[in-house]
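Undergrad: What follows is a protein structure lacking sequence information:
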């Protein structure tokens, strides 16, 4: 193994980079702090007066002391439902936590946000949580407190394949897979929302606050003329003593949480996938230096080996095809003791050897034919050896131009995309900088089923860079309207600026995180922890198919 980093000089440029990136992280964390307040102090106070804990308080009490939830979709729905008022975190908290030392997926409705109603992104978050549970064979706990579908948006919530009904479909599939599902009914569960806790394997109901019914008292009166109240219709006594729908009745949120912990503690162990782990070792170089190495100007080159040296154990890697395809780094390493295969874009401009013995400069952040070929073969090797893959994206796309096309860039790019798509070992993706075009796909973007995908605050995600996109969009607009052409040309500079600003907004990682294109945004200093927790979680599922080497065309 070789050390992949150096002692970097803390000069003026380093200090400015450090200040810039630290500020990005601070700004993000400040926004997250506001989001975690949910529907605000007034809504929280009403819930407290009813003797109920808040969604994040329930989770904090549920998971093991001293641990934290690896949250998925913190910024879900950010800025997306202004016409209905904000929906912080889409009104639902989802993530992976540890209960009695076991990884468990947790889903908790936040009833301070529109009474826990389901928006389109609420459903997307719930489905993503179930997907994580199914991929990794993890138990799932639902802390249910929801008024059901947000009716003003019912057409976007109810009927499609991946809409509300898919949640209950997944409930049934998970039961058939042997994945334990436990629900605690801590508030109302109305209409379709009633199916989620009852389709779980075990259901707990909290006396005085929990209720389950297909139609509430007002709808029952309107439909059949019967007058009733929530408790008689579907409260704890009704469902624990008369209908037998719930399995346990408890007196408080705290008692429900204690019972869930007890139930999870008795779950039998599963065989593991057998991913290799040794005693962890810290990097030789301070992870904090990532802030100073990562340039504040995303168009500037930097050496990704220096980033890796602050993430991997002992700052050591075994590099595959060191001198070939150098705009993509492929290397074996360990992170927190776990063996990993790393595929990372190299952002420095490098010299590459040509077949005639001469050399040429290759632009950093671009995938060339030989880089794609190398990465495809490395991915195949990791699958053969059952080594999880970690992708670090800072990519502007594949090389273009006459020479690249004649050299077969499309074929080599397709080979890499094939390898990523057919890879069966767990994949984890981190978007560090640019994530543009087909480079996003080849480097295991969301469409390629990474077990987890996170962005750093420095990420940019789009089909192409902002400058190129704005110029292209302006050209199209100028061509589209000959009648207005003179007027448009007169204001070309202003139009270009408007288009560029809009495009830049859409490239922001918060825009992607709001739509769940990434699982969340993280501080770069949390990367080691996220990789380790991700592999530990994935190690719970031993059922991996064999990688089909036939996809790699020669």
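TA: Nice, I can see it. In this text the structure is predicted, and so the values were computed from the model without any measurement.
Undergrad: residue ranges of the strands in the stretch 151-300 of the chain, please?
TA: 181-190, 202-206, 211-213, 248-250 (DSSP state E, counting those that start in this stretch).
Undergrad: Determine the set of other helices and strands touching the first one.
TA: This means strand 181-190. Counting contacts by 3 or more CB pairs under 8 Å, 6 or more residues apart in numbering; DSSP states H and E, strand 181-190 packs against strand 140-146, helix 164-176, helix 195-198, strand 202-206, strand 211-213, helix 253-265. In this view, the C-beta of every residue, glycine as well, is placed from N, C-alpha and C.
Undergrad: about what we covered before: pick the most deeply packed of the strands of the stretch 151-300 of the chain.
TA: Greatest average neighbour count among the strands of the stretch 151-300 of the chain goes to strand 181-190 (a mean of 27), per mean count of other CB atoms under 10 Å.
Undergrad: Neighbours of the closest residue to residue 538 other than its chain neighbours, how many?
TA: Nearest residue to residue 538, sequence neighbours excluded (CB to CB, 6 or more residues apart in numbering): residue 426, at 3.8 Å. Residue 426 has 26 neighbours, counted by other CB atoms under 10 Å.
Undergrad: could you list every residue that touches residue 426?
TA: Residue 426 makes contacts with 388-389, 451, 534-535, 538, as judged by CB atoms under 8 Å, 6 or more residues apart in numbering.
Undergrad: Okay, and which of those residues map to strands?
TA: Taking DSSP state E as the definition of strands, the contacts of residue 426 contribute residue 389.
Undergrad: List phi and psi for residue 40.
TA: The phi/psi pair for residue 40 (degrees, to the nearest 10) reads phi 110, psi 170.
Undergrad: Surely it touches residue 114?
TA: No. Applying CB atoms under 8 Å, one finds residue 40 not in contact with residue 114, separated by 11.6 Å.
Undergrad: highest average neighbour count across the helices and strands packed on strand 181-190?
TA: Of all the helices and strands packed on strand 181-190, strand 140-146 carries the top mean neighbour count, a mean of 28, counting by mean count of other CB under 10 Å.
Undergrad: could you give the angle of it to strand 181-190?
TA: Going by axes from the mean of the first three to the mean of the last three CA atoms, to 10 degrees, strand 140-146 is angled at 10 degrees with respect to strand 181-190.
Undergrad: Give me the distance from strand 140-146 to the chain's centre.
TA: Distance of strand 140-146 from its chain centroid, counting by CA atoms, centre = their mean, to the nearest Å, is 20 Å.
Undergrad: Compare residue 40 and residue 114 (neighbour count), which wins?
TA: residue 114 (21 against 12).
Undergrad: Tell me who's in contact with that one.
TA: Neighbouring residues of residue 114 by CB under 8 Å, 6+ apart: 39, 84-85, 87, 91, 147, 150.
Undergrad: list the contacts for residue 123?
TA: Residues near residue 123 by CB under 8 Å, 6+ apart: 157, 162-164, 166-167.
Undergrad: Looking at the residues you listed, which is nearest residue 133?
TA: For the contacts of residue 123, the minimum distance to residue 133 (CB to CB) is 12.0 Å, reached by residue 167.
Undergrad: separation between the closest one and residue 350?
TA: 48 Å (CB to CB, to the nearest Å).
Undergrad: ranges for the helices of the stretch 401-550 of the chain?
TA: Taking DSSP state H, counting those that start in this stretch as the criterion, the stretch 401-550 of the chain contains helices spanning 402-406, 409-422, 437-442, 466-480, 485-490, 492-507, 509-514, 527-538.
Undergrad: do the stretch 51-200 of the chain as well
TA: Taking DSSP H, counting those that start in this stretch as the test, the helices found in the stretch 51-200 of the chain are 55-62, 120-136, 164-176, 195-198.
Undergrad: need the contacts of residue 426 in CSV with pLDDT, distance to residue 16 and neighbour count, can you?
TA: Formatted as CSV, those follow (pLDDT from 0 to 100; distance: CB to CB, whole Å; neighbours: other CB atoms under 10 Å):
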residue, pLDDT, distance to residue 16, neighbour count
388, 98, 35, 24
389, 98, 34, 24
451, 98, 35, 21
534, 98, 32, 27
535, 98, 35, 27
538, 98, 38, 26
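Undergrad: could you redo the contacts of residue 426 as CSV and give each row distance to residue 435?
TA: Formatted as CSV, the contacts of residue 426 follow (distance: CB to CB, whole Å):
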residue, distance to residue 435
388, 20
389, 17
451, 18
534, 19
535, 22
538, 22
